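A.B. asks: sequence and predicted structure below; questions after.
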Amino acid sequence: MNSYSSKLIQQYSLDTNGVATDSIVAWLERSETYSTDMRLARHYFFIRDSAHFDTLWASIPTKHRLTSEQQNDYDELDLIYDLLRSHILSGGSVFEIGQTELDSLGFWSEWCAEPGYLTRSLLRYNGIVVQEDCLGSSVTSREADVDEGFVFEAEISPIIIYPNPADNQITVLLNEKIKSTIIVEIYSPDGRLFLVKEYQMEERDIY
């Protein structure tokens, strides 16, 4: 499965029709990119599937040629997972993380990278909202100061497709103006190419 499937997976979070988790996992497993393997590992961790998590997590550094930035994210996420392992794997809820763990998570709370995104989500689940500034310089060092306070910001995708699943019609919403020819490829949940269609864009953002 090529890397474009990872972009498709991001749209599942916008689905209001309740796509089955198994469908998302199937796409993640077929994609085999760094980003989708990271998301799949996170899924395994938080559903307490330690066997699949440990196997996949250990394979990521050798399976993918990590950049220095990716390696740094991986190392820091490894620390976060170790911090939460006892609580999560013993049946603890992400909405009831202990104060000691929450205090430790505060270290990553303003990072503008994967450890920060995950940390802010977990803190938000526990009633703590962190305000970070990811438009300026990123906070990526262990010497960074962490202030109190907290806002979870989701990454805005350049394309939104809904509803999913659909019967006869879907809407494609672009977050930027495009005046060119685009090719739309639609795949079934099991990875089969279902439709290929070409569109001539004329600065319209909804089709």
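C.D. replies: Yep, it's here. Numbering: from 1, shown residues only.
A.B. asks: so where's the protein uncertain?
C.D. replies: For the chain, the stretches with pLDDT under 70 are 1-24, 27, 135-167, 173-179, 188-191, 201-207.
A.B. asks: distance of L118 from L84?
C.D. replies: L118 sits 10 Å away from L84, going by Cβ to Cβ, to the nearest Å. The C-beta positions use only the backbone N, C-alpha and C, and glycine is treated the same way.
A.B. asks: likewise for I182?
C.D. replies: Distance from I182 to L84, by Cβ to Cβ: 41 Å.
A.B. asks: the two: which has the busier surroundings?
C.D. replies: Comparing I182 with L84 by other Cβ atoms under 10 Å, the one with more neighbours is L84, at 21 against 14.
A.B. asks: helix or strand next in line after the lengthiest helix in the chain, which one?
C.D. replies: Scanning the chain for the longest helix, with DSSP state H as the assignment, gives helix 68-89. Following helix 68-89 in sequence order, the next helix or strand is helix 99-105 (DSSP states H and E).
A.B. asks: my guess is G116 contacts E132. True?
C.D. replies: Yes: assessed by Cβ atoms under 8 Å, G116 is found in contact with E132 at 6.7 Å.
A.B. asks: what is the burial count for Y34?
C.D. replies: 19.
A.B. asks: ugh, wrong one, I meant L118
C.D. replies: 21.
A.B. asks: now swap in R39 and tell me
C.D. replies: Quick note: R39 (other Cβ under 10 Å) scores 20 neighbours.
A.B. asks: okay, now the closest residue to it other than its chain neighbours: neighbour count?
C.D. replies: Using Cβ to Cβ, 6 or more residues apart in numbering and skipping the chain neighbours, the partner closest in space to R39 is L28 (6.0 Å). As a burial measure, L28 scores 26 neighbours (other Cβ under 10 Å).
A.B. asks: what about the strands in this protein?
C.D. replies: Shown for the chain, the strands assigned by DSSP state E span residues 159-162, 171-174, 181-187, 193-200.
A.B. asks: so which of these is the most surrounded?
C.D. replies: Among the strands of the chain, ranked by average contacts under mean count of other Cβ atoms under 10 Å, first place goes to strand 159-162 (a mean of 16).
A.B. asks: report the contact partners of Y74.
C.D. replies: Taking Cβ atoms under 8 Å, 6 or more residues apart in numbering as the criterion, Y74 is in contact with M38, I60, P61, L66.
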